[in-house]
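In: Sharing a model prediction with you, sequence too.
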Amino acid sequence: MVKAVVAGASGGIGQPLSLLLKLSPLVSELALYDVVNTPGVAADLSHISSNAKTTGYLPANDGAKAAFKDADIIVIPAGIPRKPGMTRDDLFNINAGIVKGLIEVAAEVAPKAFILVISNPVNSTVPISAEVLKAKGVFNAQRLFGVTTLDIVRAETFVAEIAGKSNPQELNVPVIGGHSGETIVPLFSKVAPAVKIPDDKYDALVNRVQFGGDEVVKAKDGLGSATLSMAYAGYRFAEKLLKAVAGVKGLVEPSYVYLPGIPGGEEIAKKTGVDFFSVPVELGPNGAEKVVDILGDITEKEETLLKKAVEGLQDNIKKGVDFAHNPPQK
Ligand SMILES: NC(=O)C1=CN([C@@H]2O[C@H](COP(=O)(O)OP(=O)(O)OC[C@H]3O[C@@H](n4cnc5c(N)ncnc54)[C@H](O)[C@@H]3O)[C@@H](O)[C@H]2O)C=CC1
Ligand SMILES: O=C([O-])CC(=O)C(=O)O
């Protein structure tokens, strides 16, 4: 019996993500929360003849609390998306407060839930979430995940194109670091099974993975950012986690986590110099059971990418932590 919540369920990501969760045999209850339109989205999904009982909640009558109550997993794609010309950091002023508010509710009524943060800027909204949970005395790093799966999904797709593989899903392409521009670090030397990226294509491939989000923002031309590929990616991560919680062994996926709170993470925090970082984590009944050290034997080019990523991440993390401690007065 798993109760899943989507916060931001009426949005571009929220709707298809809710559809995928509604179809999952692992979910028995699906609560949809948003500031608009959830009665309609929930009524629509509830006619699908799958297992999950689906309900919609709005802010009135403490709707967030009712939706989140005793949730096992809360996925958060609430907040505004980018328009052309914006960075993810430009979303901070609005989305930081939205995420903070939702995490406060989760801390109160579902303190043990696995929380998957999609809202951007992920590099900062996850530190905000951690600080809010810490302040409420319910922080467990093994249960808080920044969803960076879309970077891996993109990397799989783009590497398969270059390497001439017909099925990208047969490739495992680790992407670490953060979730914006140069903080995204694809490790092509660690692709399994190994592929040869031609030297003259390496820089462009790195750039495409790092700025894949911009490609979609540009193509949507003012109507938002990636939604369908993100719904797939968010579901892929949620499904892996739920399977691992149900006892399936050996499931590993990168996620942006608080390293010092996860076995094996302290060492990576020392190596990189940042506490929040996306790394492959082994998933299990407690969530992130173990950080997989993937930093050994990376190439010189990857070392250079990593150094740049850490510089950017330090600022993004500090911004999130500072906001959680001193939110602007209204
Ligand atoms: N982590 C990642 O890889 C990715 C993250 N994103 C981020 O996901 C977020 C959502 O993107 P879209 O779905 O395209 O945006 P959208 O605007 O289509 O949907 C956002 C939804 O959040 C709702 N919302 C706003 N404030 C809320 C609150 N306080 N509580 C509950 N719901 C609230 C809105 O009503 C709307 O339905 C953006 O911040 C975007 O940048 C997008 C793609 C990839
Ligand atoms: O680019 C954006 O703003 C949305 C996002 O995070 C992505 O598509 O990776």
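Out: Noted; the coordinates are in hand. Ligands and ions are numbered 1, 2, ... in the order given.

In: and whatever residue of the chain ends up closest to ligand 1, what does it touch?
Out: Scanning the chain for the residue nearest ligand 1 gives Gly11, at 2.0 Å (criterion: Cβ to the nearest ligand atom). Quick note: C-beta positions are derived from backbone N, CA and C, even for glycine. Gly11 makes contact with Asp34, Pro77, Ala78, Thr227, according to Cβ atoms under 8 Å, 6 or more residues apart in numbering.

In: Who's the closest spatial neighbour of the first one, skipping the chain neighbours?
Out: Nearest-residue entry for Asp34: Ser10, 4.0 Å, with adjacent residues in sequence omitted and distances by Cβ to Cβ, 6 or more residues apart in numbering.

In: ditto for the third one
Out: For Ala78, the nearest residue in space outside its immediate sequence neighbours is Gly8; the separation is 3.0 Å by Cβ to Cβ, 6+ apart.

In: Was I right to think that neighbour contacts Leu32?
Out: No - taking contacts as Cβ atoms under 8 Å, Gly8 lies outside contact range of Leu32: 9.3 Å.

In: Identify the contacts common to these two.
Out: With Cβ under 8 Å, 6+ apart as the test, Gly8 and Leu32 both reach Gly14.

In: between those two, who's got more neighbours?
Out: Neighbour totals were compared for Gly8 and Leu32, and Leu32 leads with 31 against 26 (other Cβ atoms under 10 Å).

In: So which bits of the helix or strand that contains the more buried one are buried?
Out: Following DSSP states H and E, one finds Leu32 within strand 29-33. The neighbour-count check on strand 29-33 (16 or more other Cβ atoms under 10 Å) flags Glu29, Leu30, Ala31, Leu32, Tyr33 as buried.

In: chain center to that strand, what's the gap?
Out: Strand 29-33 sits 19 Å away from the centroid of its parent chain (Cα atoms, centre = their mean, to the nearest Å).

In: Can you tell me what sits against the helix or strand that that strand is followed by?
Out: Using DSSP H and E, the helix or strand that follows strand 29-33 in sequence is helix 38-46. If you take Cβ under 8 Å, 6+ apart as the criterion, helix 38-46 is touched by 9-10, 14-15, 18-19, 22, 30, 32, 34, 53-58.

In: now do 10 Å
Out: Contacts to helix 38-46, defined as Cβ atoms under 10 Å, 6 or more residues apart in numbering, come from residues 6, 8-11, 14-15, 18-19, 21-23, 30-34, 52-59, 63, 67.

In: now check it, is it near ligand 1?
Out: No - Helix 38-46 is not in contact with ligand 1 by Cβ under 6 Å from any ligand atom; minimum separation 8.8 Å.

In: pLDDT on that helix, on average?
Out: For helix 38-46, the mean pLDDT works out to 98.

In: Roughly how far does Asp34 sit from Pro174?
Out: 33 Å (Cβ to Cβ, to the nearest Å).

In: With neighbour numbers in mind, choose between those two.
Out: Applying other Cβ under 10 Å to Asp34 and Pro174 shows that Asp34 carries more neighbours, namely 27 against 24.

In: Burial check on Ile128, number of neighbours?
Out: Ile128 has 28 nearby residues by other Cβ under 10 Å.

In: Could you pull up the residues touching it?
Out: Ile128 sits in contact with 92, 95-97, 99-100, 103, 117, 119, 121, 317, 319-325, 327, where contact means Cβ under 10 Å, 6+ apart.

In: Just the CA trace of stretch 124-131, in CSV.
Out: Extracted in CSV, the C-alpha atoms of stretch 124-131 (Å, rounded to 0.1, in the frame of the first residue of the first chain):
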residue,chain,number,x,y,z
SER,A,124,18.9,25.4,-4.4
THR,A,125,15.4,24.0,-3.7
VAL,A,126,16.9,20.8,-2.3
PRO,A,127,19.1,22.6,0.2
ILE,A,128,16.1,24.7,1.2
SER,A,129,14.1,21.5,1.7
ALA,A,130,16.8,20.0,3.8
GLU,A,131,17.1,23.1,6.0
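
In: Which residues of the stretch 51-200 of the chain lie near ligand 1?
Out: The stretch 51-200 of the chain comes close to ligand 1 at residues 77-82, 91, 95, 98, 101-102, 118-120, 122, 147, 150, 179, as judged by Cβ under 6 Å from any ligand atom.

In: ok, for Pro121, nearest residue in space, not its chain neighbours?
Out: Arg88 (4.1 Å).

In: whoops, I mixed them up, Leu305
Out: That would be Val185: by Cβ to Cβ, 6+ apart, it lies 4.7 Å from Leu305.

In: ok, now Val36?
Out: Ser10 (5.6 Å).

In: if I pick the one you found, what's in contact with it?
Out: Neighbours of Ser10 in contact, by Cβ under 10 Å, 6+ apart: 18, 32-42, 56, 58, 78.

In: Mind doing that once more with 6 Å?
Out: Asp34, Val36, Asn37, Thr38, Val41 (Cβ atoms under 6 Å, 6 or more residues apart in numbering).
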